[in-house]
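# everything below, folded, please.
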Amino acid sequence: MLFNLLRSEKIISPSEVYEYMKTDKSIVLLDVREDYEYKNGHIKGARLLPVGEIKTKIDTMNVPRETKIVVYCQSGARSARACNILTHKGYNNVYNLGGIMNWPYETTK
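Residues are numbered from 1 along each chain as shown. Below you'll find the model as predicted:
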């Protein structure tokens, strides 16, 4: 319980993300897995940025700090870590989708 209080990311459900993706084209969907995982299947429109590269490469993506960023990985651990990094870098609209394994909609390769 205490661990959850220390986490800085907001949780978002797959259905909420799916609906947002239909109406809000400014959302950045960030896949923080490794390249080989991304190539095996990802959510359509997701941008790959492995969690180990976020600190050094997020600024090169030119994402405004207020943009809604939805982060996911395979099971949810890396996405939680990535959300914490992003919020500490000043991104204030970061949401954790958790793992793609819980994504009930279509994926692409």
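
# from Tyr36, how far out is the nearest residue to Asp35 once chain neighbours are set aside?
Closest residue to Asp35 apart from its sequence neighbours, by C-beta to C-beta, 6 or more residues apart in numbering: Leu48 at 6.6 Å. In this view, the C-beta of every residue, glycine as well, is placed from N, C-alpha and C. Counting by C-beta to C-beta, to the nearest Å, the gap from Leu48 to Tyr36 is 11 Å.

# tell me which of these two has more neighbours.
Leu48 (15 against 7; other C-beta atoms under 10 Å).

# and that one, what are its phi and psi?
As for Leu48, its main-chain torsions (degrees, to the nearest 10) stand at phi -90, psi 130.

# show me what contacts it?
31, 33, 35, 38, 42 (C-beta atoms under 8 Å, 6 or more residues apart in numbering).

# same thing but 7 Å
31, 35, 38 (C-beta atoms under 7 Å, 6 or more residues apart in numbering).

# longest helix of the chain?
helix 77-88 (DSSP state H).

# pLDDT at the spatially most central residue of the chain, what is it?
By C-alpha atoms, centre = their mean, the chain has its centre lying nearest to Val71, at 0.8 Å. Per-residue pLDDT puts Val71 at 97.

# neighbouring strands for the strand or helix carrying it, and are they parallel or not?
Per DSSP states H and E, Val71 falls inside strand 69-73. Here strand 69-73 is paired, per DSSP bridges, with strand 28-31 (parallel), strand 94-99 (parallel).
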